[in-house]
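K.L.:
have a look at this fold, sequence not included:
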């Protein structure tokens, strides 16, 4: 009787170990499948096949939802494909997961800039600079933000900073040349313009035309 009990206990133990092994193997298999899909997504992204990259990253996340690099990769693919709102949703999530990753901040800043959210772009780019002050793209993108805001002086300053980091940065050099051609010297003050229109005197029309 004792031998029978020991035999049953041994069988149950073997079954439990086998169940745990099977569960561990299943999790490991899903992890390997997720990594394979992630690597495929990276390859598609690098080759410019953005829709295929998005599909591969989605498949990776289905296998392993905690694979943050796949989420970031999909955000980049959306960004490259100019699907900015989708990109922002994923890049914001990526930045919450990696708040000190300057490149995540840089790409999210680019996405904000692309839809005209200049203050959001400025804030996140400055966050990236605090994390790593040596990323040239942060300064270049911030230069574009100030250019859109009408502040040539600040735009020029940040563009030059990007060139200090990399003197061969051709995009920054071209941008600097373009900034030099801009004729405004001060930030456009809409309040002043509105006040001038409010105080406008029709008797001054002839004088304005002569000027």
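P.N.:
Received, thanks. Just so we're clear, the structure is a prediction, and the values are computed from it rather than from any experiment.

K.L.:
which residues touch the host helix or strand of residue 160?
P.N.:
Here residue 160 sits within helix 152-165, counting by DSSP states H and E. Residues from elsewhere that reach helix 152-165 (CB atoms under 8 Å, 6 or more residues apart in numbering): 134-137, 139-140, 142-147, 169, 172-173, 175-176, 179-180, 182, 184-185. C-beta: built from backbone N, CA, C; applies to glycine.

K.L.:
make a ChimeraX selection of whichever of these turn out to be buried.
P.N.:
Applying 16 or more other CB atoms under 10 Å to the contacts of helix 152-165, the buried members can be selected in ChimeraX as follows:
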select :135,136,137,139,140,142,143,144,145,146,147,169,172,175,176,179
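
K.L.:
tell me which of the contacts of helix 152-165 fall in helices.
P.N.:
Within the contacts of helix 152-165, residues falling in helices by DSSP state H are 136-137, 139-140, 142-147, 172-173, 175-176, 179-180.

K.L.:
how about the helix holding residue 160: buried residues?
P.N.:
Under the neighbour-count criterion of 16+ other CB under 10 Å, helix 152-165 has 152, 154, 155, 156, 158, 159, 161, 162, 163, 165 buried.

K.L.:
so what are the domain limits for this structure?
P.N.:
45-130, 134-211 (automatic domain parsing).

K.L.:
report the distance from stretch 116-130 to the chain centre.
P.N.:
11 Å (CA atoms, centre = their mean, to the nearest Å).

K.L.:
what's residue 169 sitting at in phi/psi?
P.N.:
Torsion angles at residue 169 (phi, psi; degrees, to the nearest 10) stand at phi -80, psi 90.

K.L.:
please verify my assumption that it contacts residue 139.
P.N.:
No. Using CB atoms under 8 Å, residue 169 is not in contact with residue 139, being 9.4 Å away.

K.L.:
helices of the protein, start to end?
P.N.:
Assigned by DSSP H, the chain shows helices spanning 2-47, 50-63, 68-80, 84-97, 102-114, 118-131, 136-149, 152-165, 170-181, 190-198, 205-210.
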